[in-house]
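**Student:** Structure for this input, please:
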Amino acid sequence: MNKQQIDNIPTPLKTLKQWVCFNLVPNGKIGGKPIKVPMIPGLNVRASISKPGNWRDFPYTIAQSHKYNGIGFVFTAEDSYTGIDID
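**Tutor:** Residues are numbered from 1 along each chain as shown. Now for the predicted structure:
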């Protein structure tokens, strides 16, 4: 991620420990697009979006993001945020 992309992430989200990285799986296409597989930052194993122990804080996730295709935020029923994945 470049600095502008990082700066565009809302600061309140950056304070939450709800971050994962992701890898793209090209042969797992849905509608012609690769599948984003959530990964535990720094461990290079699949993350479960239902297991908070798999999530990391924003600074650590950004520091590890160069090893993956991107980062993702895990929305939960406990937080007050809603998001739409438009890619």
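**Student:** okay, the strand or helix carrying Q4 in CSV with CA atoms only?
**Tutor:** If you go by DSSP states H and E, Q4 is part of helix 3-7. Written as CSV, here are the backbone C-alpha positions of helix 3-7 (Å, rounded to 0.1, in the frame of the first residue of the first chain):
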residue,chain,number,x,y,z
LYS,A,3,1.0,6.4,1.8
GLN,A,4,-2.0,7.9,0.1
GLN,A,5,-4.0,4.7,0.4
ILE,A,6,-3.0,4.3,4.1
ASP,A,7,-3.9,8.0,4.8
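**Student:** which residues does I35 bridge with?
**Tutor:** With DSSP bridges applied, I35 shows beta-bridge pairing to V25.
**Student:** And for it, the neighbour number?
**Tutor:** 13 (other CB atoms under 10 Å). The C-beta positions use only the backbone N, C-alpha and C, and glycine is treated the same way.
**Student:** Touching, it and L24? I think so.
**Tutor:** Yes. Shown here, I35 and L24 form a contact pair, counting by CB atoms under 8 Å, at 7.2 Å.
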